[in-house]
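1. A predicted structure for the sequence below; I have some questions about it.
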Amino acid sequence: MTENDIIDFVSALPGTAAMTADEAGGAPEVAWGDTFFFYDPDDDPAARRLPFATIVTKDYAGFDTASDLDRPGIFRLNIAVGRTTFTELTGYPPAAHPEHHDTIDYTATDRILPHPVYAPQSWIAILNPAAVTTPQARALLQQAHTQAAKRHHRRPAGS
């Protein structure tokens with residue numbers, strides 16, 4: 001899957017808003033080119049809180065460099081999968097990730113990995129999804145979208 005394949009796939013899910021950060025939108029320069037997916041059936045940018053998935057195209061110096069995203073052609077798909085799915089995928093709960101952090105090669109492509117920074121919040125990562133991970137990536141994106149929709153519909157009006 002290319003970045004555009006992912007953007008097209010996720011954007012086609014009902015109520016999804018995809019935002020690629022850029023200067024015109026007022027995003028910080030470090031985020032330019034990264035894409036954020038929100039469940040926003042009302043198309044209300046002010047109501048967009050946390051994305052359910054992102055595409056990151058570069059390292060964030062001093063914060064998120066473990067995936068070495070500054071390599072040519074490398075990007076990372078990040079998906080909020082929830083505690084149960086995270087545990088099923090990694091073999092340990094999100095809260096236990098710090099114990100495993102140093103044993104993971106975050107630079108590996110086409111593999112489902114815990115997110116190098118947000119694993120404790122139940123996020124997984126896939127660098128350059130391809131033949132091995134594309135079917136599961138699509139299913140995980142659909143699942144994350146469904147969970148985001150449920151959270152959205154549970155919110156009190158006006159919040």
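-> In hand now; what should we look at?
2. going forward, measure contacts and count neighbours with C-alpha atoms only.
-> Fine.
3. Check which helices and strands the longest helix seen in the chain sits against.
-> Ranked by residue count, the top helix of the chain under DSSP state H comes out as helix 134-154. The contact analysis (3 or more Cα pairs under 8 Å, 6 or more residues apart in numbering; DSSP states H and E) places helix 134-154 against helix 3-11, strand 35-39, strand 76-80.
4. Turn the ones you listed into a markdown table, including distance to residue 124.
-> Shown next, in a markdown table, are the helices and strands packed on helix 134-154 (distance: least, Cα to Cα, whole Å):
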| stretch | distance to residue 124 |
| --- | --- |
| helix 3-11 | 15 |
| strand 35-39 | 15 |
| strand 76-80 | 5 |
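5. Relative to residue 109, which of the ones you listed is closest?
-> strand 76-80 (8.8 Å; Cα to Cα).
6. when you compare where the closest one runs with where helix 134-154 runs, what's the angle?
-> For strand 76-80 against helix 134-154, the angle by axes from the mean of the first three to the mean of the last three Cα atoms, to 10 degrees is 40 degrees.
7. where does this structure have low pLDDT?
-> For the chain, the stretches with pLDDT under 70 are 155-159.
8. Find the residue at the geometric middle of this protein.
-> residue 78 (2.4 Å; Cα atoms, centre = their mean).
9. so the nearest residue to that residue once chain neighbours are set aside, which of the three states?
-> In space, and not counting its chain neighbours, residue 78 is closest to residue 125: 4.4 Å by Cα to Cα, 6 or more residues apart in numbering. At residue 125 the chain is in strand, as set by DSSP: H, G, I helix; E, B strand; the rest coil.
10. for residue 125, what are its contacts?
-> 76-79, 112-116 (Cα atoms under 8 Å, 6 or more residues apart in numbering).
11. Taking their axis directions, the longest helix of the chain and strand 123-127 sit at what angle?
-> 150 degrees.
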